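# heads up, no residue letters with this:
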């Protein structure tokens, strides 16, 4: 093992030319120590070697020279051999431990850069595999060194003396070059340690200054994540540069250095992309907070509040575009798949088109809303009519805008949109021919709006459903009944519609009184109740009308009252009128039907 190390030192000094001389010297020493030893690899020599008799000495049985036998049997020779083997084992173990520690340090750095558990698990598996590989390699090197030492002893040489002679044959300039290279690497390592500590302290100070300057709490978390990522990237970059500097000091092939340099370039590309993504989050959140602060209590606040929902989408689109840019740059570094990098700019343009389309839709919704229901001078009926049509206009505008954005995305991706448009037309014709109920619903919905049959907010009755209209779509109408249930009815199924919100409606209240009641007094109290109702409720449009006795029931007379009220207020007005009637009848001493019971007792003789 020490012989191998001396050869490596010779390579560091650039003294490759001395290697043949060292090998020749080793061969001459072996030849001079055992001049009569046969070639153990030659068949003739094996055939001509005599077989030792049974009573031969141990050195004759093992075919060893006298010097080799003395080395294996003397105490001094055994001690020297054991010391040499121990030193070689210690050197191999030290190298394996050092390489393992460096590899573990690099893997921990990469694991700290990600929070994905699967990636961390793979890195841990790589670490375990590397440790097993180092252990197996170190064991094989130890056995190889031990075999070489035994071979030297077999040749009749002292293993320690031969090793020392080989070390002495290494030129002094080689040792000086090795020491100078180690000193350079050590200096760079110390500089990296000092730099990492300094840059972490500087980033902590810078983060505190930025937080004190902008006075925005919304970006504190993102700013902390950015500073932490920047510190990790700078530290990892410093250690990778240290590794690259150490590799350049060794006489390794140029391909190894180029591969390492390309790996460092890919890492820096990904790291810088991650930093840009983090700083993008900080910038977007800061601009959002400052914009809210600037537009507060101004005429632009409503506009910004409407468009503020696009801020998360903007952040995601920018992040996706940045990651695509990073992936494109990485693909350019990998020659076998560099052709895939051409898709990066196209995908980024497609993301930009999608976001612009989303902005156009949001601005269109804002302008449509302001144009249709933003005028405060329009009547309530006209406002409700516009509110009914507004969702339909917005839906049509959104569909057209997204369709145009889709066509533009196909164009920027390199696809011809004309075949897609032709296919969409054919599909539309097929759907039109096969979906007659759908067309019936759409046409019925159009005529409902065109003829102004009912609007959003109207109280209507359709079949057994009676409630308030919440929405009118192209295909369906949504009705919320008095129990809170939402009914979705197809527009084509609407046959008979009762609209309680056209002009006015009547609050009809029936009152039952006993047959022996003073009917004129009852009528008077009902009219007085109507006057009280008109004084309490502004939705009453006319005086209460007593329509007279409507029916003769078993329990009394049924008297009907009718009050003209505003649309969709008849239920509330009728309930209030019943309460007023109950109070006035109680004060006047008028009984309601069913309050008295006549019991006749007959005595039997």
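Okay, I see it. Not measured: the values here are computed from a predicted model. Numbers count the residues shown, from 1 in each chain.
# need the strands for this structure, in chain order.
Counting by DSSP state E, the chain forms strands over residues 459-462, 465-472, 476-481, 486-490, 497-499, 505-513, 545-553, 556-565, given from the N-terminal end onward.
# out of those, which gets nearest to residue 238?
Residue 238 sits nearest to strand 465-472 of all these, at 61.7 Å, using C-beta to C-beta. From N, CA and C alone the C-beta is placed, and that goes for glycine too.
# which residues touch the closest one?
Under the criterion C-beta atoms under 8 Å, 6 or more residues apart in numbering, residues 388, 391-392, 445, 448-449, 454-460, 477-482, 485-487, 489, 498, 568 lie in contact with strand 465-472.
# what subset of these is buried?
By the neighbour-count criterion of 16 or more other C-beta atoms under 10 Å, those include these buried positions: 388, 392, 445, 448-449, 454-460, 477-479, 487, 568.
# residue 166: neighbour count?
When neighbours are counted by other C-beta atoms under 10 Å, residue 166 registers 21.
# list the buried residues for stretch 82-90?
84-85, 88-89.
# should've said stretch 320-335
For stretch 320-335, using 16+ other C-beta under 10 Å, the buried residues are 320-332.
# can you list the low-confidence ranges for the stretch 401-550 of the chain?
Segments of the stretch 401-550 of the chain classed as low confidence (criterion: pLDDT under 70) are 424, 428-436.
# ranges for the helices of it?
For the stretch 401-550 of the chain, the helices identified by DSSP state H, counting those that start in this stretch occupy 417-434, 436-450, 519-536, in order along the chain.
# can you check the stretch 151-300 of the chain too?
Residue ranges of the helices in the stretch 151-300 of the chain, as given by DSSP H, counting those that start in this stretch, are 159-169, 172-214, 220-248, 254-295.
# could the ones you listed be laid out in a markdown table, adding mean pLDDT?
As requested, the helices of the stretch 151-300 of the chain are exported to a markdown table (pLDDT from 0 to 100):
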| stretch | mean pLDDT |
| --- | --- |
| helix 159-169 | 74 |
| helix 172-214 | 79 |
| helix 220-248 | 78 |
| helix 254-295 | 78 |
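# how about these, which one is nearest residue 464?
Across the helices of the stretch 151-300 of the chain (criterion: C-beta to C-beta), the nearest stretch is helix 254-295, sitting at 49.7 Å.
# what helices or strands is that closest one leaning on?
Contact analysis of helix 254-295 by 3 or more C-beta pairs under 8 Å, 6 or more residues apart in numbering; DSSP states H and E lists helix 220-248, helix 301-307, helix 311-333 as its packing neighbours.
# measure the spatially closest residue to residue 199 that is not a sequence neighbour to residue 267 for me?
Taking C-beta to C-beta, 6 or more residues apart in numbering, and ignoring the residues beside it in sequence, residue 199 has residue 234 as its nearest neighbour in space, at 5.1 Å. In this structure, residue 234 and residue 267 are 12 Å apart, going by C-beta to C-beta, to the nearest Å.
# what does stretch 375-392 contact?
Counting by C-beta under 8 Å, 6+ apart, 368-369, 372-373, 449, 452, 455-458, 471-474 sit against stretch 375-392.
# now do 10 Å
Residues lying outside stretch 375-392 but in contact with it, judged by C-beta atoms under 10 Å, 6 or more residues apart in numbering, are 365, 368-369, 371-374, 393, 445-446, 448-449, 452, 454-458, 469, 471-474, 501-503, 567.
# in that stretch, what counts as buried?
Buried positions in stretch 375-392, judged by neighbour count with 16+ other C-beta under 10 Å: 383-390, 392.
# do the same with stretch 563-571
563-570.
# quick one: which of the residues you listed is nearest to residue 157?
Out of the buried residues of stretch 563-571, the one with the shortest distance to residue 157 is residue 568. That distance is 115.5 Å, counting by C-beta to C-beta.
# ok, now which ones touch the closest one?
457-460, 468, 499-502, 505, 539.
# per-residue pLDDT, it?
Looking at residue 568, its pLDDT is 77.
# and what of the one 3 residues further on?
pLDDT for residue 571: 84.
# look up how far residue 467 lies from it.
11 Å.
# same thing with residue 78?
Summarising the geometry, the distance separating residue 78 from residue 467, computed by C-beta to C-beta, is 106 Å.
# neighbour-wise, which of the two wins?
The residue with more neighbours, out of residue 78 and residue 467, is residue 467; 20 against 12, by other C-beta under 10 Å.
# for that one, which non-adjacent residue is closest in space?
For residue 467, the nearest residue in space outside its immediate sequence neighbours is residue 481; the separation is 3.6 Å by C-beta to C-beta, 6+ apart.
# ok, now which ones touch that neighbour?
Neighbouring residues of residue 481 by C-beta under 10 Å, 6+ apart: 461, 464-468, 487.
# change it to 8 Å
Residue 481 is in contact with 465-467, 487, counting by C-beta under 8 Å, 6+ apart.
# just those now: which is nearest residue 186?
Once C-beta to C-beta is applied, the member of the contacts of residue 481 that ends up nearest residue 186 is residue 487, at 82.1 Å.
# residue contacts, residue 477?
Residue 477 makes contacts with 445, 448, 469, 471, 488-489, 491, 494, as judged by C-beta under 8 Å, 6+ apart.
# tell me the one of the residues you listed nearest residue 208?
Within the set of these, residue 471 lies nearest residue 208; the separation is 52.4 Å, counting by C-beta to C-beta.
# residues near residue 316, how many?
Using other C-beta under 10 Å as the criterion, residue 316 is surrounded by 13 other residues.
# residue 399 too?
The number of residues packed around residue 399, counting by other C-beta under 10 Å, is 11.
# residue 316 versus that one, what's the distance?
23 Å.
# go on, residue 206?
Distance check for residue 206 against residue 316: by C-beta to C-beta, it reads 27 Å.
# same deal with residue 282?
With distances taken as C-beta to C-beta, residue 282 is found 15 Å from residue 316.
# same deal with residue 548?
Plainly put, residue 548 is 71 Å away from residue 316 if you go by C-beta to C-beta.
# between the two ends of stretch 244-264, how far is it?
Taking C-alpha to C-alpha, to the nearest Å, the span from the opening residue of stretch 244-264 to its closing residue is 9 Å.
# same thing with stretch 298-312?
As for stretch 298-312, its first-to-last residue distance stands at 23 Å under the measure C-alpha to C-alpha.
# follow-up on the earlier one: using a markdown table, please lay out the helices of the stretch 401-550 of the chain together with distance to residue 298.
As requested, these are exported to a markdown table (distance: least, C-beta to C-beta, whole Å):
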| stretch | distance to residue 298 |
| --- | --- |
| helix 417-434 | 42 |
| helix 436-450 | 37 |
| helix 519-536 | 43 |
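# of all the ones you listed, which one is nearest residue 147?
Closest to residue 147 of those is helix 417-434 (C-beta to C-beta; 72.3 Å).
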